[in-house]
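>>> Give me a 3D structure for the following:
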Amino acid sequence: MKSWLKIAGCMLAAAVLVAATDNTAGAKEIEVKMGADTGQLVYVPKKIEAAPGDTIKWTMNKAGPHNAVFEGPKSADPAVAKSMSQTKLLNKPKDSYISTIPANAKPGDYAFNCTPHKSAGMGGVLTVK
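Now for the predicted structure:
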């Protein structure tokens, strides 16, 4: 009887451990090109849908330099927007960086732009589900 309880206890502990560490197993990586293949000053795609735990890979493509800065006042959570911002300018094609959507990100829209090309309309929106 004691060995059965021990086995059951170990199985329960293993199940709890898997459940606790599996929260990112469904996470996805979304790639966003900075600068269109045709050289336009846009993000491709410029509208992104994601969930907490997902990552966004920002890749320098054309017409740089570019970055991806989230606008706090135009976002569901200004603190989360700031934490996801990438202020460093990327200059070389295929250079990239990653933004991770925090677990505590409030659902809603998060506006972002390219600092050097904001006045040219280079911006987009991340919708956190």
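>>> low-confidence ranges in this protein?
By pLDDT under 70, the low-scoring segments of the chain are 1-25.
>>> where exactly do the helices run in it?
2-21, 78-84 (DSSP state H).
>>> how far does the shortest one sit from the chain's center?
Using Cα atoms, centre = their mean, to the nearest Å, the mean C-alpha position of helix 78-84 is found 11 Å from that of the whole chain.
>>> Same check on stretch 71-85?
That offset, for stretch 71-85, works out to 12 Å (Cα atoms, centre = their mean).
>>> Stretch 117-129 too?
14 Å.
>>> what comes up buried for that stretch?
His117, Met122, Gly123, Gly124, Val125, Leu126, Val128 (16 or more other Cβ atoms under 10 Å). (Glycine included, C-beta is placed from N, CA and C.)
>>> do the same with stretch 86-94
The neighbour-count check on stretch 86-94 (16+ other Cβ under 10 Å) flags Gln86, Leu90 as buried.
>>> swap in stretch 96-109?
Neighbour counts over stretch 96-109 (16+ other Cβ under 10 Å) mark Ser99, Thr100, Ile101, Ala105 as buried.
>>> so how far is the first residue of it from its last?
In stretch 96-109, first residue to last residue: 23 Å (Cα to Cα, to the nearest Å).
>>> ditto for stretch 61-71
22 Å.
>>> thought Ser83 was touching Pro102?
Yes: applying Cβ atoms under 8 Å, one finds Ser83 in contact with Pro102, separated by 6.2 Å.
>>> Distance of Ala120 relative to Asn113?
Relative to Asn113, Ala120 is positioned 10 Å away (Cβ to Cβ, to the nearest Å).
>>> Gly121 and Leu41 touch, don't they?
Yes: between Gly121 and Leu41 there is a contact at 7.1 Å, judged by Cβ under 8 Å.
>>> which residues are in contact with both of these two?
Common neighbours of Gly121 and Leu41 (criterion: Cβ atoms under 8 Å, 6 or more residues apart in numbering): none identified.
>>> contacting residues around the nearest residue to Val69 once chain neighbours are set aside?
Among residues not flanking Val69 along the chain, Ser85 sits closest, at 4.7 Å (Cβ to Cβ, 6 or more residues apart in numbering). Counting by Cβ under 8 Å, 6+ apart, Ser85 makes contact with Ala68, Val69, Phe70, Ser99, Phe112.
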